[in-house]
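>>> please work out how this folds:
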Amino acid sequence: MRLHVPVHLRWGDLDAYNHVNNVELMRLLEEARVRAFWRSDEDGDGVDRGMALIEAEAGSDTITLIARHEVAYVAPIAYRRAPLDVQLWISHLGGASLDVCYDVYGTGETSRDLYARAVSTIVLVDSSTSRPRRITDEERSAWSVYLGDPLQLGRKRD
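Numbers count the residues shown, from 1 in each chain. Okay, the predicted model is just below:
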C-alpha cells in the first residue's frame, strides 16, 4: 500500500532552465515525508495520516535524522498549478531505521508522468540521549501496512 501526498510547487522552485531544481526536489520529498510521518494538531489537509506516529513539536521524545538519500531523476518537472502526487511506501523496517521510497508523479487528466524516484534512510533518535532508538511495536505495526518492494535506482556498471 502506498500513501499519496499532494505537494504543490512554488514559483521559486524553478531554476534558470524553467524546471524544478534538484535541491528543491529534495524539499518536496521532505514536505511529503513530514506530512506522512509527523502528526500535529493542525492536520487538516486531507492526507491519510496512517504513518503519522511521531510528534511534530518541540520537545518531542523522538528526532528523525536522514542517514542517506538516493534520487533518480526521470523527467524534468515544469511549473504546474496542480499538485504533484508524491507516493510513499516503506521498503525496509530495521531496528532503529527505515527506508522510505518515493515516486513523484504529475496529477491531472493530461499528466500522469513519473518525474522522480527516491529512497531515504531515516534513523529514529531518542532526543534525550541523542542515540538511535528502536522502532516501537506500535510504529512497526502501523508502518508494516506500507511495506513494499525496494526501489532499484542504481544503474548497471560495465
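>>> just give the number of residues close to the residue lying closest to Ala75 once chain neighbours are set aside.
Distances taken as Cβ to Cβ, 6 or more residues apart in numbering put Tyr115 closest to Ala75, at 5.2 Å, once the chain neighbours are dropped. Backbone N, C-alpha and C define where each C-beta goes, glycine included. Other residues near Tyr115 number 22, with proximity taken as other Cβ atoms under 10 Å.
>>> so Tyr115 sits against Gly106, correct?
Yes: Tyr115 lies in contact with Gly106 (Cβ atoms under 8 Å); the separation is 6.6 Å.
>>> picking that back up, for Asn22, see how far away the residue nearest to Ala75 is.
The spacing between Tyr115 and Asn22, counted by Cβ to Cβ, to the nearest Å, is 12 Å.
>>> give the contact list for the residue positioned nearest the centre of the chain.
By Cα atoms, centre = their mean, the chain has its centre lying nearest to Arg33, at 3.3 Å. In this structure, Arg33 makes contact with 88, 100, 102, 120, 122, judged by Cβ atoms under 8 Å, 6 or more residues apart in numbering.
>>> same deal with Ser130?
Ser130 sits in contact with Ile63, where contact means Cβ under 8 Å, 6+ apart.
>>> ok, Ser144 next?
Contacts of Ser144 (Cβ under 8 Å, 6+ apart): Leu93.
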